[in-house]
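sharing a model that was predicted from the sequence below.
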Amino acid sequence: MQISAERALHVDRPRREVFWNAPNLITLGRIATGPLLLLLTLFPGRRASLIGGIAFLLISLTDLLDGWLARRGGMVTRMGKLLDPLADKLLVLTALILLVALDRIPLWGVPLVVLVLGREIAVTGLRAMASLDGVVLGASSLGKWKTGFQSASLTALIIHYEWLGVPVHALGLALFVAATALTVWSGWDYFAAYLSDEGNPQA
């Protein structure tokens, strides 16, 4: 039995994905609200820093929410897989710019900032290159640990001031060192896996 050209074209056409769903809207919201943290540079006092730190943490946690909604509702899309890590990177880069502007990252920490920025730019470029081959790179467990340490360290550095006897800034710097190590490690693993013959990486 022969199949018409129109029918064959219809069968071979990829399924169209629905972009405007709840998880993707949350991701877009994370992209839009992240730069608002820069307003903290106008009000760098104790209370504003606490509010900024809590806001940063809540925005970061929406990454867990949109991922859960996407998996639970069967709304995982290729565009969502690309936008989700991009939103995380924009949020981290915005926070780093903020912290450098407020001198909450000391001089010895500047090379760490450069490493983080370089890694994120490099991985974003590799993602784009992979997407040209039709490969969508998701997040691995190592990448998630990296994101978790980054969120915790940057939250503490934004809060900055001591609360309830806890040296929040010193804690944030220690966490940032650990986060930078995980960032470089996951980036290396990302490229090594992609360039190997063992399959596509997940980072």
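Yes, it's here.

from residue 148, how far off is the residue positioned nearest the centre of the chain?
The centroid of the chain falls nearest to residue 88 when counting by CA atoms, centre = their mean (2.0 Å). Per CB to CB, to the nearest Å, residue 88 is found 11 Å from residue 148. To be clear about C-beta, it is placed using only N, CA and C from the backbone, and glycine gets the same treatment.

repeat for residue 172
Taken as CB to CB, the span from residue 172 to residue 148 is 14 Å.

same check, this time on residue 119
16 Å.

among those two, which residue is more densely surrounded?
residue 119 (21 against 16; other CB atoms under 10 Å).

hmm, back to that, what is the helix or strand the residue nearest to the centre of the chain falls within packed up against?
Assigned by DSSP states H and E, residue 88 belongs to helix 78-101. Helix 78-101 is packed against helix 22-33, helix 46-72, helix 110-132, helix 141-159, with contacts defined by 3 or more CB pairs under 8 Å, 6 or more residues apart in numbering; DSSP states H and E.

how about these, which one is nearest residue 166?
Smallest distance to residue 166 across these (CB to CB): 9.1 Å, for helix 141-159.

quick one: that closest one to helix 46-72, angle?
If you take axes from the mean of the first three to the mean of the last three CA atoms, to 10 degrees, helix 141-159 sits at 160 degrees to helix 46-72.

what does helix 141-159 rub up against?
37, 40, 49-50, 52-54, 56-57, 60, 63, 85, 88, 92, 95-96, 98-99, 104-105, 116, 139, 168-169, 171-176, 178-179, 182-183, 185-186, 189-190, 202-203 (CB atoms under 8 Å, 6 or more residues apart in numbering).

among the residues you listed, name the buried ones.
Listed as buried from the contacts of helix 141-159 are 37, 40, 49-50, 52-53, 56-57, 60, 63, 85, 88, 92, 95-96, 98-99, 104-105, 116, 139, 168-169, 171-173, 175-176, 179, 182-183, 186, 189-190, 203; burial here means 16 or more other CB atoms under 10 Å.

quick check: buried residues in stretch 38-46?
40, 44.

what mean pLDDT does that stretch have?
In this model, stretch 38-46 has a mean pLDDT of 80.
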